[in-house]
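*Asks:* My questions concern the predicted model and sequence given below.
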Amino acid sequence: MQLTAPATGRTTETRPRDADGMAVASFILGLLGLLVLNVFLGPIAIVLAAAALWRGTARRGRAYLGLTLGVADLAVLVIAMEVSNTVSWSL
């Protein structure tokens, strides 16, 4: 008599789901980073998108958008710093 299910199917289902979650998180953090805390959220979005693509996410479009938005976060930060001639920026 077996009381628990075999653990073999469990690892194959969580890996793509984790990668899909990382792709969505990178998109959301990249989008949010355009408005606030882009110095922190931009690199996090880039790392999450790269990890999601490396793990083989089914949501490749969201991962690429998260990667693009993460780079855009850092570009916005650099442009705003150049315009205001300071190390930080505010609206």
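*Replies:* Alright, I've got the coordinates.
*Asks:* now the closest residue to residue 39 other than its chain neighbours: how far from residue 19?
*Replies:* Distances taken as C-beta to C-beta, 6 or more residues apart in numbering put residue 77 closest to residue 39, at 5.7 Å, once the chain neighbours are dropped. Using the backbone N, CA and C atoms, a C-beta is placed for each residue, glycine as well. Counting by C-beta to C-beta, to the nearest Å, the separation of residue 77 from residue 19 is 28 Å.
*Asks:* More neighbours: the two, which one.
*Replies:* Taking other C-beta atoms under 10 Å, residue 77 and residue 19 do not tie; residue 19 has more neighbours (21 against 18).
*Asks:* residues contacting the more buried one?
*Replies:* Residue 19 sits next to 51, 52, 55, 56, 57, 58 when contact means C-beta atoms under 8 Å, 6 or more residues apart in numbering.
*Asks:* rerun that using 10 Å as the cut-off
*Replies:* Residue 19 makes contact with 48, 51, 52, 53, 54, 55, 56, 57, 58, 59, 60, 63 under the criterion C-beta atoms under 10 Å, 6 or more residues apart in numbering.
*Asks:* Tell me the one of the residues you listed nearest residue 26?
*Replies:* Here the nearest of the contacts of residue 19 to residue 26, counting by C-beta to C-beta, is residue 48; it sits at 3.7 Å.
*Asks:* what about the closest one, which helix or strand?
*Replies:* helix 38-55 (DSSP states H and E).
*Asks:* Put the alpha carbons of that helix into PDB.
*Replies:* Presented in PDB, the C-alpha positions along helix 38-55 are these (Å, rounded to 0.1, in the frame of the first residue of the first chain):
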ATOM      1  CA  ASN A  38      15.000  51.900 -11.600                       C
ATOM      2  CA  VAL A  39      18.600  51.500 -10.200                       C
ATOM      3  CA  PHE A  40      17.400  48.400  -8.300                       C
ATOM      4  CA  LEU A  41      14.500  47.100 -10.400                       C
ATOM      5  CA  GLY A  42      16.200  47.300 -13.700                       C
ATOM      6  CA  PRO A  43      19.000  44.800 -13.000                       C
ATOM      7  CA  ILE A  44      16.600  42.500 -11.100                       C
ATOM      8  CA  ALA A  45      14.400  42.400 -14.200                       C
ATOM      9  CA  ILE A  46      17.400  41.700 -16.400                       C
ATOM     10  CA  VAL A  47      18.500  38.800 -14.200                       C
ATOM     11  CA  LEU A  48      15.100  37.300 -13.900                       C
ATOM     12  CA  ALA A  49      14.500  37.500 -17.700                       C
ATOM     13  CA  ALA A  50      17.800  35.900 -18.400                       C
ATOM     14  CA  ALA A  51      17.100  33.100 -15.900                       C
ATOM     15  CA  ALA A  52      13.600  32.500 -17.300                       C
ATOM     16  CA  LEU A  53      15.000  32.200 -20.900                       C
ATOM     17  CA  TRP A  54      17.800  29.900 -19.800                       C
ATOM     18  CA  ARG A  55      15.300  27.600 -18.000                       C
END
